[in-house]
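Peer 1: From the sequence below, what's the structure:
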Amino acid sequence: MVEFRLLQRGLENKALIFDKEDRLIGEETQEAQLIDKVVHISRTAKVVKGGRRFSFSAVVVVGDGNGKVGHGLGKANEVPEAIRKGVENAKKSMIEVVLVDRTIPYEVIGKFGAGEVLLKPASQGTGVIAGGAVRAVLEAAGVQNILTKCMRSHNPHNLVKATFNGLSQLRSRDTIAAWRGKQPSEI
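Peer 2: The predicted structure follows:
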């Protein structure tokens, strides 16, 4: 009789397989269900003796739809390989986002380079009011009601990083209360 036992570590689920005498005979790994979205693909050309050599870079966002999200940049000579590398980088840079009723707790401005993004909480039923790069990050994070505005640059690289900057500034009511030495109900 073979027995399966499940372990959970970070984003990976491991199933350990044991025999009758409780000896480990194998293990299976299965990643948690992640949403990945390609934000932007760039083509660059290098001029060489025989003509042009093209390479691609892909900005990718990965999230679990429940408050964890990451972004990555992948570069390769083919598009699928660039996307795969971007997904790997995104998994390494995942952050936890504070959500309250599928929106953010308060208004925040995220900045990166020339990119600046205003994120405002919205009431139930509003939806995600955002452009392409910002929308990809918020949907991967699991935000369902939010208002956004890109105020400076519209470069997708900077917008993704500015959105991450804004989301990483968010704190929960309990965290802020602990910093101030008060009860969450007093804030």
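Peer 1: In this structure residue 106 contacts residue 170, no?
Peer 2: Yes. The pair residue 106 and residue 170 passes the contact test of CB atoms under 8 Å, sitting 7.4 Å apart. All C-beta spots, glycine's among them, are computed from the backbone N, C-alpha and C.
Peer 1: which SS class is residue 84?
Peer 2: Under DSSP: H, G, I helix; E, B strand; the rest coil, residue 84 falls in the helix class.
Peer 1: ok, now residue 152?
Peer 2: Going by three-state DSSP: residue 152 is coil.
Peer 1: out of residue 106 and residue 170, which sits in the more crowded spot?
Peer 2: residue 170 (18 against 15; other CB atoms under 10 Å).
Peer 1: show me what contacts that one?
Peer 2: For residue 170, the residues meeting the contact criterion (CB atoms under 8 Å, 6 or more residues apart in numbering) are 97-98, 104-106, 108.
Peer 1: Now do the same for residue 35: its pLDDT.
Peer 2: What the model reports for residue 35 is a pLDDT of 89.
Peer 1: so what's it up against?
Peer 2: 62-65, 139-140.
Peer 1: Swap in 7 Å and give it another go.
Peer 2: If you count contacts by CB atoms under 7 Å, 6 or more residues apart in numbering, residue 35 has them with 62-63, 65, 140.
Peer 1: of the contacts of residue 170, closest to residue 83?
Peer 2: Using CB to CB, residue 97 is the member of the contacts of residue 170 that sits closest to residue 83, with 23.0 Å.
Peer 1: measure the spatially most central residue of the chain to residue 147 for me?
Peer 2: By CA atoms, centre = their mean, the mean C-alpha position of the chain lies nearest to residue 69, the distance being 2.3 Å. Distance from residue 69 to residue 147, counting by CB to CB, to the nearest Å: 18 Å.
Peer 1: and if you look at residue 171?
Peer 2: Counting by CB to CB - residue 171 and residue 147 are separated by 20 Å.
Peer 1: Also residue 59?
Peer 2: According to CB to CB, residue 59 stands 23 Å off from residue 147.
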